[in-house]
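1. With the input below, show me the fold.
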Amino acid sequence: MKPAWRWTTTLAAAAAAGCAGAAWAHGGEAGAPAIDVAQLAALAALGVAGALYLRALRRGSVLKARHAAAFFAGWLALLVALAPPLDGAAAQSFALHMVQHELLMIVAPPLLILGRPYAALAAALPASPGIVRLAALPLAMPPLAAFALHVVALWVWHVPRWFDAGLASDGVHALQHASFFWTALLFWWAVLRQWRRGVALAWLLGAMIASGALAALLTFAPAPLYAGATLAEQQLGGLLMWVPAGYVLLFAALLGFDRLLRTSAA
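-> Sure, this is the predicted structure:
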């Protein structure tokens, strides 16, 4: 058994056990809210994705330890974002809601992509190439369209009326999270696919401007914009969107610029 398979199996098993325990604590106590269907579906999909990746590692695919480390770091980020206790606490705290959103948009997607998920899917399901092609179909989207979709999703869901609708409805909330994650996945795929070209820097800088402008609006608004949020929580949420997310995008842009310089020098 390869070392990568051994430690990733341990990691996934520990995370799954933690998720099950958190879910039981969240919905098993008297008076506690039950996990909604969309949350259960998301956690089930996350479990299937982890199992397929582990199967690919066990089959001795082209995946290396660094790919597995990146994938499962992103997998854990999604688990933390979607499972209790963060998911339940985010419903009561605007700042924690922003932490949840940044995990879905800034942390998990690039890590999952660096884990080469489509190579893993092809190795896990060698007899079903049609499934791999179907799953990869959205990646044919032009990079500009992926960038625009991500920015639109970010801004539209932070319109107070739509944000509050997500808090009031589990279905709308699930749609919000799905649009954040999937548009971010398309955005980061476009960035990493064009990593050796200067256009990737344009997408990253554009995302910095779009998210920074929204964060500034939240931080400097004179009054709360969202139902149940205090001004202090809204300001903290804006700063969380502005500073940590901004640093991630800036760091990625600097890495891309360094790669571009090395390619030009060669």
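2. just checking, what packs against the strand or helix carrying Y247?
-> Under DSSP states H and E, the secondary-structure element containing Y247 is helix 231-265. Of the remaining helices and strands, those touching helix 231-265 by 3 or more C-beta pairs under 8 Å, 6 or more residues apart in numbering; DSSP states H and E are helix 94-102, helix 199-220. Backbone N, C-alpha and C define where each C-beta goes, glycine included.
3. Please repeat the previous calculation with a cut-off of 10 Å.
-> For helix 231-265, the packing partners by 3 or more C-beta pairs under 10 Å, 6 or more residues apart in numbering; DSSP states H and E come out as helix 94-102, helix 170-193, helix 199-220.
4. Report the angle between it and helix 94-102.
-> Put simply, helix 231-265 runs at 20 degrees to helix 94-102, going by axes from the mean of the first three to the mean of the last three C-alpha atoms, to 10 degrees.
5. buried stuff in helix 231-265?
-> The neighbour-count criterion (16 or more other C-beta atoms under 10 Å) identifies 233-242, 245-246, 248-249, 252-253, 256, 260 as the buried residues of helix 231-265.
6. Could you count how many residues lie near T183?
-> If you count neighbours by other C-beta atoms under 10 Å, T183 ends up with 21.
7. which residues touch it?
-> M105, P109, A146, F147, A148, L149, H150, V151, V152, A153, L154 (C-beta atoms under 10 Å, 6 or more residues apart in numbering).
8. Recalculate using a threshold of 8 Å.
-> Applying C-beta atoms under 8 Å, 6 or more residues apart in numbering, we find T183 in contact with A146, L149, H150, V152, A153, L154.
9. The helix or strand where the fourth one lies: which residues count as buried?
-> Taking DSSP H and E as the criterion, the element that holds V152 is helix 143-156. Residues P143, A146, F147, L149, H150, V151, A153, L154 are the ones in helix 143-156 that count as buried (16+ other C-beta under 10 Å).
10. Just give the number of residues close to the residue lying closest to the first one once chain neighbours are set aside.
-> With C-beta to C-beta, 6 or more residues apart in numbering as the measure, A190 is the residue that lies nearest to P143, at 3.6 Å, once sequence neighbours are left out. When neighbours are counted by other C-beta under 10 Å, A190 registers 21.
11. Equivalent analysis for the one 10 residues further on, please.
-> Summarising burial for A200: neighbours were counted as other C-beta under 10 Å, giving 23.
12. Kindly report the same for the one 10 residues further on.
-> Summarising burial for A210: neighbours were counted as other C-beta under 10 Å, giving 18.
13. Just the pLDDT for it.
-> With respect to pLDDT, A210 scores 95.
14. check contacts around it.
-> For A210, the contacting residues are V151, L154, W155, by C-beta under 8 Å, 6+ apart.
15. Centre-most residue in the chain?
-> Most central in the chain under C-alpha atoms, centre = their mean is L104, positioned 2.8 Å from the mean C-alpha point.
16. quick one: it from A135, how far?
-> Distance, L104 to A135, using C-beta to C-beta, to the nearest Å: 19 Å.
17. okay, the helix holding V152 in CSV with CA atoms only?
-> In CSV, the C-alpha atoms belonging to helix 143-156 read as follows (Å, rounded to 0.1, in the frame of the first residue of the first chain):
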residue,chain,number,x,y,z
PRO,A,143,-12.6,32.0,-19.2
LEU,A,144,-14.2,35.5,-19.5
ALA,A,145,-17.6,33.9,-19.1
ALA,A,146,-16.4,31.9,-16.0
PHE,A,147,-15.0,35.1,-14.5
ALA,A,148,-18.2,37.1,-15.2
LEU,A,149,-20.4,34.3,-13.7
HIS,A,150,-18.4,34.2,-10.5
VAL,A,151,-18.5,38.0,-10.1
VAL,A,152,-22.3,38.1,-10.8
ALA,A,153,-22.9,35.3,-8.3
LEU,A,154,-20.8,37.1,-5.7
TRP,A,155,-22.7,40.4,-6.1
VAL,A,156,-26.2,39.2,-6.7
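18. who touches that helix?
-> Contacts to helix 143-156, defined as C-beta under 8 Å, 6+ apart, come from residues 105, 141, 162, 179-180, 183-184, 186-187, 189-191, 193-194, 199, 203, 206-207, 210-211, 214.
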